[in-house]
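In: generate coordinates for the sequence data below:
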Amino acid sequence: MVQWRVLLAEDEPLVAQVTTDMLAELSLEVTVAKNGQEALRQAQKILPDLILLDAMIPGLDGFEVAAALKADPATLDIPIIFMTARSSDADKVRGLELGADDYLVKPIKREELLARVRNVLRRAESRRSAQAETSLMRGRLEMISLPNIIQALEAEHRTGALRLTSKGRHGEILFAEGRIASATEGARRGEAAVYSLLTWGEGEFALEPASGAAPLEALTTKSNQSLLLEAARRLDELAALRQVMASFEGPVRMDPGFREAMLHRALPPELHQVVELCDGTREISQLIEASSLDEWETLKLLVRYLRLGMLEPPTSKRLSPRLTVQASVDFQAVKEFNVGTSFDISPGGIFVRTDQVLPTGQSLLVRFTLPGVDHTFKAVGQVIWSSPNEMGGHPAGMGVEFLDMAEDEQAAILQYIVDTMVAQALAAEPEP
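Out: This is a model prediction of the structure:
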């Protein structure tokens, strides 16, 4: 039966295999990392009981890895044994000053390695036992899920702070007589933190005596059962939301006109924050992590913005936003044009839904009004696409590019589109 989890950071496959074989008689589960970055990721993911660390591992070297591990509260207490060919006193001192429990110089004899590992794990067991004495409950989420933990604490009317760690993330749920009273997770507070924590499928938890009062923004009002049911519903929908956004690659950027208009509205703080985060500096995973909403609510907003055309995919060639308007539009073919050597062109245009199409390249006059706007817009345009029948999911009609339209009219159209789509984006948003 495996009693301990050991992370071996070693880039040489033969050395890694020999070391694993040397440790075979101990009750260990050995995970191998081939470079410094992988060692950090694995340490945060599996939270091993011991890390055997090569000082000369590629990428981040062993000393840099050790410094990062000791700077992270989730991995701070994990014992480290350096195993390296660097034998100078300066290297040994550096390793020990970084918090390593031991420093072994290669080549390492089997008996010495086993003795050092046993010694470090024995001390780790003592620390674990001491922590267990002050802990009301502890374990791994792989063995007992958070919903089951919540139901057990509610049934026993337990009071305490349930602290959770997973892949470098940290969260806490405060229980009062079995009821969830408050929660925090990253930037999330209250119910949003509970919903986020309930998506964790791995990591460690410990119920400890509660100390201090929770901040007001972290308090919850719903019953445990309501939180669990709502979290289950959101989890069912998460896969579909993730699938919609899966095709969106690169940083998330909202069209500047939409973003500015949204930020000038009296938005709920959480919604205002998501709009601010759509500034083109974060990919979806980074935006979700920075959001104070849970993943479901954040993705729901992003999917709505994407479908409304408010987000700009990095590969998009669209020059201006579009809006479907249920109103009539007049158009008339122009039979003759004087030939000129140059002309001004704007990215604006109109797609006319009609089976009375004109051929591609035909010049025409268009005239239309916008609902609620007391003005008739006129422009000279040119047909850039047309079909009298539905084709490839496109309705019958023709796309017309404006060749001559006053700048103030273009600005009025853009403002109308922005205002209308912002109103649509806000119409079905969750209550603050």
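In: helices along the stretch 301-432 of the chain, start to end?
Out: Counting by DSSP state H, counting those that start in this stretch, the stretch 301-432 of the chain has helices at residues 407-427.
In: and the contacts of stretch 232-245?
Out: For stretch 232-245, the external contacting residues (Cβ atoms under 8 Å, 6 or more residues apart in numbering) are 195, 198-199, 284, 294-297, 299-300, 302-303, 306. Backbone N, C-alpha and C define where each C-beta goes, glycine included.
In: please apply the same query to stretch 306-314.
Out: Applying Cβ under 8 Å, 6+ apart, the contact partners of stretch 306-314 are 244-245, 248-255, 258, 278, 302, 305, 318, 321-322, 421, 424-425.
In: wait, Leu293 sits on Ala192?
Out: Yes - Leu293 is within contact range of Ala192, at 5.5 Å (criterion: Cβ atoms under 8 Å).
In: comparing the two, which shows the higher neighbour count?
Out: Using other Cβ atoms under 10 Å as the criterion, Leu293 and Ala192 rank with Ala192 on top: 26 against 21.
In: hang on, that one in a helix?
Out: Yes - under DSSP: H, G, I helix; E, B strand; the rest coil, Ala192 falls within a helix.
In: mind listing what it touches?
Out: Ala192 neighbours (Cβ under 8 Å, 6+ apart): Glu270, Ser292, Leu293, Asp294, Glu297.
In: mind checking which of the residues you listed land in strands?
Out: Per DSSP state E, strands hold no members of these.
In: now render the residues you listed as JSON lines, adding pLDDT and distance to Thr376.
Out: As requested, the contacts of Ala192 are arranged in JSON lines below (pLDDT from 0 to 100; distance: Cβ to Cβ, whole Å):
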{"residue": "Glu270", "pLDDT": "80", "distance to Thr376": "41"}
{"residue": "Ser292", "pLDDT": "91", "distance to Thr376": "46"}
{"residue": "Leu293", "pLDDT": "92", "distance to Thr376": "43"}
{"residue": "Asp294", "pLDDT": "93", "distance to Thr376": "47"}
{"residue": "Glu297", "pLDDT": "93", "distance to Thr376": "42"}
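In: before we move on, the earlier item: now list the buried members of the contacts of stretch 306-314.
Out: Among the contacts of stretch 306-314, those classed as buried by 16 or more other Cβ atoms under 10 Å are 245, 248, 251-255, 258, 278, 302, 305, 321, 421, 425.
In: return the set of buried residues in stretch 292-310.
Out: 292-306, 308-310.
In: distance from the chain centre to it, please.
Out: In terms of Cα atoms, centre = their mean, to the nearest Å, the centre of stretch 292-310 is found 12 Å from the chain centre.
In: using CSV, write out every CA atom in it.
Out: Output in CSV follows, covering the C-alpha atoms of stretch 292-310 (Å, rounded to 0.1, in the frame of the first residue of the first chain):
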residue,chain,number,x,y,z
SER,A,292,-14.7,37.5,-8.9
LEU,A,293,-17.5,35.5,-10.5
ASP,A,294,-17.3,31.7,-10.7
GLU,A,295,-16.3,30.1,-14.0
TRP,A,296,-20.0,29.4,-15.0
GLU,A,297,-21.1,33.0,-14.6
THR,A,298,-17.9,34.4,-16.2
LEU,A,299,-18.2,32.1,-19.2
LYS,A,300,-21.9,32.9,-19.5
LEU,A,301,-21.2,36.6,-19.9
LEU,A,302,-18.4,35.9,-22.4
VAL,A,303,-20.6,33.7,-24.5
ARG,A,304,-23.3,36.3,-24.6
TYR,A,305,-20.8,39.0,-25.6
LEU,A,306,-19.3,36.7,-28.3
ARG,A,307,-22.7,35.9,-29.8
LEU,A,308,-23.6,39.5,-29.9
GLY,A,309,-20.4,40.3,-31.7
MET,A,310,-19.0,42.4,-28.9
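In: shift numbering so it begins at 32
Out: Got it, first residue is 32 now, which makes that one stretch 323-341.
In: please, where are all the strands along the stretch 82-231 of the chain?
Out: Remark: strands assigned in the stretch 82-231 of the chain by DSSP state E, counting those that start in this stretch are 111-115, 133-136, 168-171, 191-197, 200-207, 210-216, 219-220.
In: partners of the first one, with directions?
Out: I take that to be strand 111-115. In the sheet, strand 111-115 lines up against strand 81-84 (parallel), strand 133-136 (parallel) (DSSP bridges).
In: any idea how far stretch 88-98 is from the chain center?
Out: Computed by Cα atoms, centre = their mean, the separation of stretch 88-98 from the middle of its chain amounts to 26 Å.
In: now do the end-to-end distance for that stretch.
Out: Between the opening and closing residues of stretch 88-98 there is a gap of 14 Å (Cα to Cα, to the nearest Å).
In: next: stretch 97-107.
Out: Note: stretch 97-107 ends 9 Å apart using Cα to Cα.
In: swap in stretch 270-288?
Out: End-to-end distance for stretch 270-288, by Cα to Cα: 30 Å.
In: just give me the residue right at the centre of the protein.
Out: Ser316 (2.4 Å; Cα atoms, centre = their mean).
In: quick one: what helix or strand has that one in it?
Out: Using DSSP states H and E, Ser316 sits within helix 315-321.
In: buried residues in that helix?
Out: Going by neighbour count (16+ other Cβ under 10 Å), the buried part of helix 315-321 is Ile315, Leu318, Ile319.
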